[in-house]
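In: Coordinates only, no sequence provided:
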């Protein structure tokens, strides 16, 4: 059975056919999913979904792109929401230097505050990183994020950076890009990271794997990610599915 560790079923793109999307995920062997919230709207929707479906879990946090909008009141609200019994992680949080809505210094302050909150709550972190690898790793070290551990979500860095993250007690999560023909870095990471430290995800509705690249992504396609990793590692698909699901359950504290 498969565990998709990062879905946005709370996205408006799934408003019209959520039941069908979930049905296809079940048919593909997806046993559990974590619905990720990253602002007030998506956190509320994530918590509604996990109350409705027993096989869904949630994470809550505040996205770095919107760091400039986050208030102390929002942080208190997130702490309250993170105490929901089906919230298994804190995130996605991190740094995003691609978009210029939130200045870097504000993103970093908000990132640090949320790492501290996750440690207080005893929740693993889900880290968003776009064009900010060096600063992410530095802040994780300075804030002793190893205490919380967590996931480098949709990891796009080098195998060397992956090793640094493993040393900080983070799992490496691979998504659709590992299936792209010219994606050398994620393929190398898939080979070099030990199976007991790998996770799989879709990040749906974004980053659909080959052959659906450019289309809306959905949780059923996480099977393609697992198949690609199996091929790269020269092991069976069943071994990848089993190990990544066990890794996720261990990290999230799911029996």
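Out: It's in. Predicted model, so just to flag it, every value in this text is computed and none were measured. Numbers count the residues shown, from 1 in each chain.

In: Check which element follows the longest helix seen in the chain along the chain.
Out: Longest helix of the chain, by residue count under DSSP state H: helix 104-121. Note on helix 104-121: by DSSP states H and E, the next helix or strand toward the C-terminus is strand 125-130.

In: Partner strands of that following strand and their direction?
Out: Sheet pairing of strand 125-130 (DSSP bridges) gives strand 87-96 (parallel), strand 150-152 (parallel).

In: could you check the angle strand 125-130 makes with whatever helix or strand comes next after that strand?
Out: Counting by DSSP H and E, the next helix or strand C-terminal to strand 125-130 is helix 133-142. Helix 133-142 runs at 160 degrees relative to strand 125-130, counting by axes from the mean of the first three to the mean of the last three Cα atoms, to 10 degrees.

In: all strands in the stretch 151-255 of the chain, in order from the N-terminus.
Out: All strands of the stretch 151-255 of the chain, identified by DSSP state E, counting those that start in this stretch, fall at 170-174, 198-200.

In: buried sites along the last one?
Out: Read it as strand 198-200. 198, 199, 200 (16 or more other Cβ atoms under 10 Å). Where you see a C-beta, it was placed from the backbone N, CA and C, and this is true even at glycine.

In: The last one reaches residue 6, doesn't it?
Out: No - here residue 200 lies out of contact with residue 6, judged by Cβ atoms under 8 Å, at a distance of 9.1 Å.

In: hey, what's in contact with both of these two?
Out: 173, 175 (Cβ atoms under 8 Å, 6 or more residues apart in numbering).

In: quick revisit: could you list the buried residues of the longest helix of the chain?
Out: Buried-residue list, helix 104-121, by 16+ other Cβ under 10 Å: 107, 108, 110, 111, 113, 114, 115, 117, 118, 119, 121.

In: which residues sit in contact with the first one?
Out: Residue 107 makes contact with 64, 67, 95, 96 under the criterion Cβ under 8 Å, 6+ apart.

In: now the angle from the longest helix of the chain to strand 87-96?
Out: 160 degrees.

In: Run the chain-centre distance for helix 104-121.
Out: Centroid separation for helix 104-121 versus its chain: 17 Å, with Cα atoms, centre = their mean, to the nearest Å.

In: What average pLDDT does it get?
Out: For helix 104-121, the mean pLDDT works out to 98.

In: what do you get for stretch 129-149?
Out: Per-region confidence: stretch 129-149 scores 97 on mean pLDDT.

In: Check stretch 54-61 too.
Out: 98.

In: Contacts made by it with the rest, please.
Out: With Cβ under 8 Å, 6+ apart as the criterion, stretch 54-61 contacts 9, 31-38, 43, 46-47, 49-50, 78, 81-82, 84, 86-93, 114, 123, 126, 252, 254.
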